[in-house]
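K.L.:
Just the structure for this:
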Amino acid sequence: MNGGVNGVALTVFIFFFLAVTVMGFLAARWRRSESDSLDEWGLGGRSFGTWITWFLLGGDLYTAYTFVAVPAAIYAAGASGFFAVPYTILVYPLIFTFLPRLWSVSHKHGYVTTSDFVRGRFGSKGLSLAVAITGILATMPYIALQLVGIQAVLDVMGVGGGENTNWFVKDLPLLIAFGVLAAYTYSSGLRAPALIAFVKDGLIYLVILVAIIYIPIKLGGFDDIFAAAGKKFEQLNPKTGQPIGALAPGEAGHWTYATLALGSALALFMYPHSITATLSSKSRNVIRRNTTILPLYSLMLGLLALLGFMAIAAGIKVQNGQLAIPQLFEDMFPDWFTGVAFAAIGIGALVPAAIMSIAAANLFTRNIYKDFIKPDATPAQETKVSKLVSLLVKVGALVFVLTMDKTVAINFQLLGGIWILQSMPALVGGLFTRWFHRWALLAGWAVGMVYGTLAAYGVASPTQAHFGGSSKEIPGIGEIGYIGLTAFVMNVVVTVVLTFVLNAVKAPAGVDETSPGDYTADAGDEGVQQDLPVVGAGGH
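P.N.:
Residues are numbered from 1 along each chain as shown. Model (predicted):
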C-alpha cells in the first residue's frame with residue numbers, strides 16, 4: 001500500500017461526495033408532496049417510473065460491498081467467488097412471478113412493508129412481527145458492510161492516519177460520511193438515494209468499462225492475467241495441504257457453489273430494502289419491465305468479478321482482501337481516475353445504506369410501533385418515528401463497524417442471508433395461496449432460524465471459532481451446502497406438515513383481508529388482469 005495521502009484522488013473523491021450530498025438534500029424538493037405520510041418519506045410517494053426504479057433497484061442490490069467483496073472473493077479463492085453471477089441471473093425470472101403481485105396487493109391496501117402484507121394475508125400479528133424482526137436483524141450487518149466499503153477506500157487513500165493514530169482522528173472521515181448520509185436520509189427519505197443512484201450507477205459502469213479495457217492492456221492481456229491467477233491458485237495451503245483456489249470450482253465444491261447460488265437468489269428479494277425499492281414504483285408494469293432489464297447489472301457484475309484475477313496479476317498484496325480492488329485501482333489508474341473509481345465505491349455505499357436504513361425503519365414503525373405500541377398513531381407520527389429509527393439503525397451499524405473486526409461484519413452479513421431466507425414461505429407462499437396455516441408458518445420460521453443460526457455458529461474459519469462461513473454438511477446427503485438453503489427446506493417441510501395437522505383439527509386460521517382481484521390490480525385500475533391464480537384467496 002502506498003504511503004501518505006493520495007491528494008489528487010482525495011480531491012476528486014471529495015468533489016463527487018459533495019456533489020451527491022447536495023443532490024441528497026435537494027431531493028427533498030423533488031416531486032414533493034404536501035402529504036406527511038410514510039408513503040411519501042419511506043416510499044417516495046410510490047411514484048417512480050421504469051428508469052428511476054431501475055437505477056434505484058440497481059443502486060440497492062449492487063452495493064459497495066458487491067464492488068469490493070465479489071472480486072475480493074475471486075482474488076482469494078478463485079472461481080468459487082463467481083457464484084454471485086449465476087444467482088443474479090436466477091433471481092430475475094423468480095421475481096417476475098411474484099413481485100408484480102406483491103406490488104398490486106400492497107398498492108391496493110397501502111402496505112409499506114412485507115410484514116404489512118403477511119399480517120393482512122394471514123391475520124397474524126405474531127407472524128408479521130417475526131418477519132419484521134428477521135428483516136431488521138438481517139439488514140443491520142448489511143448496512144455495516146457499506147460503511148466497511150467506504151472505510152476500505154479511505155484506508156487506501158491514506159486518509160485518517162495509520163493504525164496507531166488516535167481512534168477519533170483515524171475514524172473521523174468515516175464519521176463525517178456517516179453524518180452526511182444520516183442528515184440527507186432524514187431530510188429527503190427514499191427520494192435521496194433514488195436521485196443519487198443515477199450518479200452512482202453511472203460512475204460504476206464507467207469505472208468497470210475502463211478497468212476491463214485499460215488494466216488488461218497494462219498487464220499484457222487476459223492470457224497473462226489468467227496464467228498468473230492459475231499459478232497462484234496452484235500453490236498449496238500449508239494448513240490444509242490443498243491448493244488455495246482454482247480457476248474453475250472442483251467437483252467437491254459443486255454442491256456448495258450450486259446451493260449458495262440458489263439460496264442467495266431466493267433470499268435477495270426477501271431483504272426489506274429490495275421490497276422498499278419495489279413498492280416505490282408507480283405501477284405493476286414498471287416492476288415487470290424492470291425484471292427484464294435488471295439483468296444488465298449481471299453483465300456488469302461478471303466484468304467486475306474479473307478484477308479479482310487482475311489484482312493477482314498486478315501483484316497486489318494486502319492483509320485484508322477487501323482492500324485488494326481499491327489498491328488495484330490506485331496502482332493501475334492515473335491519480336485522477338483513481339479518485340473517480342473511489343467515488344464510485346463510496347457513493348455505491350451511500351445509496352444502499354440509505355435505502356436499507358429506511359426499510360428497517362419502516363418495518364419497526366409499521367409492524368412494531370404501530371401494531372404493538374401505538375395502534376392509533378397518525379401518518380405524521382409514523383413518519384417521525386421512522387425518521388428517528390433510520391438514524392438509530394445507522395448509528396448501530398456505525399458502532400458495529402468501529403468496534404468489531406471487519407471479518408466479523410462480513411460473516412454476520414452471511415448470517416443475515418440465512419435469516420432472511422426464512423421469511424420466504426410466508427411472503428411468497430402467501431402471494432399465491434392461503435393454504436398455509438399461520439401457526440405452521442411461524443413454527444417453520446422458528447425451525448429455520450434456530451437451525452440456521454446454530455449451524456452457522458458451528459462453522460469455524462482460520463480467523464474465528466464461530467460464524468466462520470455459511471456452508472456446512474447437509475443432513476442426510478453428506479455434501480457441503482449452503483446453510484440457508486438447508487434451513488429453508490426444513491422450514492418448508494415443517495410448515496407443510498403442520499398445515500395438514502392444523503387444518504385437520506380446524507385450528508383458527510385468521511382473517512384474510514385481501515381478495516383475488518387485489519393481486520392483479522394496477523394503479524387506478526379497479527379491474528382484474530390475467531395473472532397466475534390465487535389459490536384460496538379470501539378463504540378460511
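K.L.:
so where's the stretch 1-150 of the chain shaky on pLDDT?
P.N.:
Along the stretch 1-150 of the chain, the model assigns pLDDT under 70 to residues 1-3, 31-35.
K.L.:
Name the residues of the helix or strand containing F16 that come out as buried.
P.N.:
Secondary structure here is read from DSSP states H and E; on that basis F16 sits in helix 7-26. With burial defined by 16 or more other CB atoms under 10 Å, the residues of helix 7-26 counted as buried are A9, L10, V12, F13, F16, F17, V20, T21, M23, G24. Using the backbone N, CA and C atoms, a C-beta is placed for each residue, glycine as well.
K.L.:
which one of those residues is nearest K218?
P.N.:
Minimum separation from K218 among the buried residues of helix 7-26 (CB to CB) is found for A9, which lies at 17.6 Å.
K.L.:
In contact with the closest one, which residues are there?
P.N.:
M157, E330, D335, W336, T338, G339, F342 (CB atoms under 8 Å, 6 or more residues apart in numbering).
K.L.:
mind listing the helices for the stretch 251-400 of the chain?
P.N.:
254-268, 272-279, 284-293, 295-305, 307-313, 324-332, 335-364, 379-403 (DSSP state H, counting those that start in this stretch).
K.L.:
So which elements touch the fifth one?
P.N.:
Packing contacts for helix 307-313, counted by 3 or more CB pairs under 8 Å, 6 or more residues apart in numbering; DSSP states H and E, involve helix 64-77, helix 191-219, helix 222-233, helix 324-332.
K.L.:
do you know which of those helices lies nearest P475?
P.N.:
When the helices and strands packed on helix 307-313 are compared by CB to CB, helix 64-77 sits nearest P475, at 25.4 Å.
K.L.:
Off-centre distance for the helix or strand that that closest one is followed by?
P.N.:
Using DSSP H and E, the helix or strand that follows helix 64-77 in sequence is helix 84-109. Helix 84-109 has its C-alpha centroid displaced from the chain centroid by 15 Å (CA atoms, centre = their mean, to the nearest Å).
K.L.:
can you give me the angle the next helix or strand after helix 84-109 makes with helix 84-109?
P.N.:
From helix 84-109 onward toward the C-terminus, using DSSP H and E, the following helix or strand is helix 114-122. Direction vectors for helix 114-122 and helix 84-109, defined by axes from the mean of the first three to the mean of the last three CA atoms, to 10 degrees, enclose an angle of 60 degrees.
K.L.:
Would you reformat the helices and strands packed on helix 307-313 as TSV and include mean neighbour count and distance to E40?
P.N.:
Putting the helices and strands packed on helix 307-313 into TSV (neighbours: other CB atoms under 10 Å; distance: least, CB to CB, whole Å) gives the following:
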stretch	mean neighbour count	distance to E40
helix 64-77	24	27
helix 191-219	20	9
helix 222-233	16	49
helix 324-332	24	37
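K.L.:
Quickly, which of the helices of the stretch 251-400 of the chain bottoms out on average pLDDT?
P.N.:
Comparing mean pLDDT across the helices of the stretch 251-400 of the chain, the lowest value falls on helix 295-305: a mean of 85.
K.L.:
And that helix, what's buried?
P.N.:
Judged by neighbour count (16+ other CB under 10 Å), helix 295-305 contains these buried residues: Y297, S298, M300, L301, G302, L304, A305.
K.L.:
ok, the nearest residue to the second one once chain neighbours are set aside - contacts?
P.N.:
Ranked by CB to CB, 6 or more residues apart in numbering and with sequence neighbours excluded, the top spatial neighbour of S298 is T88, at 4.5 Å. Going by CB under 8 Å, 6+ apart, T88 touches L61, A265, L268, P295, Y297, S298, L301.
K.L.:
Closest to the centroid, which residue in the protein?
P.N.:
The structure's the chain has its C-alpha centroid closest to L61; by CA atoms, centre = their mean the separation is 5.3 Å.
K.L.:
Now tell me what touches the following helix or strand past the helix holding F16 from outside.
P.N.:
Beyond helix 7-26 on the C-terminal side, the first helix or strand identified by DSSP H and E is helix 38-43. Residues lying outside helix 38-43 but in contact with it, judged by CB under 8 Å, 6+ apart, are 33, 45-46, 110, 112, 189-190, 276, 279-280, 358, 361-362, 365-366, 379, 382-383, 386-387.
K.L.:
try stretch 378-393
P.N.:
Residues external to stretch 378-393 that are found in contact with it (CB under 8 Å, 6+ apart): 35-38, 40-42, 136, 139-140, 143, 182, 185-186, 189, 356-358, 360-362, 364-366, 369-370, 374, 377.
K.L.:
Stretch 256-271 now?
P.N.:
Stretch 256-271 has contacts (CB under 8 Å, 6+ apart) with 61, 80, 83-84, 86-88, 90-91, 94-95, 99, 114, 135, 138-139, 142, 249, 274-275, 278, 356, 359, 417, 420-421, 423-424, 427, 470-471, 474, 479-482, 484-486, 488.
K.L.:
Next, F48: phi, psi?
P.N.:
Here is the backbone geometry of F48 (degrees, to the nearest 10): phi -80, psi 140.
K.L.:
Quick check: beta-bridge partners of it?
P.N.:
F48 has these beta-bridge partners by DSSP bridges: S281.
K.L.:
residues near it, how many?
P.N.:
The burial count assigned to F48 is 26, neighbours taken as other CB atoms under 10 Å.
K.L.:
circling back: which among the helices of the stretch 251-400 of the chain is found nearest to G230?
P.N.:
If you check each of the helices of the stretch 251-400 of the chain against G230 by CB to CB, helix 307-313 wins as the nearest, at 9.2 Å.
K.L.:
Give me the buried positions along that closest one.
P.N.:
For helix 307-313, the neighbour count (16+ other CB under 10 Å) marks L307, G308, F309, M310, A311, I312, A313 as buried.
K.L.:
so the first one touches P71, yeah?
P.N.:
Yes. L307 lies in contact with P71 (CB atoms under 8 Å); the separation is 4.0 Å.
K.L.:
Common neighbours of these two, please.
P.N.:
Taking CB under 8 Å, 6+ apart as the contact criterion, the common neighbours of L307 and P71 are I325.
K.L.:
Run a quick neighbour tally on F372.
P.N.:
When neighbours are counted by other CB under 10 Å, F372 registers 11.
K.L.:
where's it relative to A265, distance?
P.N.:
Taken as CB to CB, to the nearest Å, the spacing of F372 relative to A265 amounts to 33 Å.
K.L.:
With distance to F67 added, can I get the helices of the stretch 251-400 of the chain in a markdown table?
P.N.:
Rendered in a markdown table, the data for these read as follows (distance: least, CB to CB, whole Å):
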| stretch | distance to F67 |
| --- | --- |
| helix 254-268 | 17 |
| helix 272-279 | 17 |
| helix 284-293 | 20 |
| helix 295-305 | 7 |
| helix 307-313 | 9 |
| helix 324-332 | 7 |
| helix 335-364 | 5 |
| helix 379-403 | 17 |
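K.L.:
nearest to S461, of these?
P.N.:
Among these, helix 254-268 comes nearest to S461, with 14.4 Å by CB to CB.
K.L.:
the inter-axis angle of that closest one versus helix 272-279?
P.N.:
Using the same axes, to 10 degrees, one finds that helix 254-268 and helix 272-279 are set 50 degrees apart in direction.
K.L.:
Show me how far the helix holding F16 is from its chain's centre.
P.N.:
Put simply, helix 7-26 sits 24 Å off its chain's centre (CA atoms, centre = their mean).
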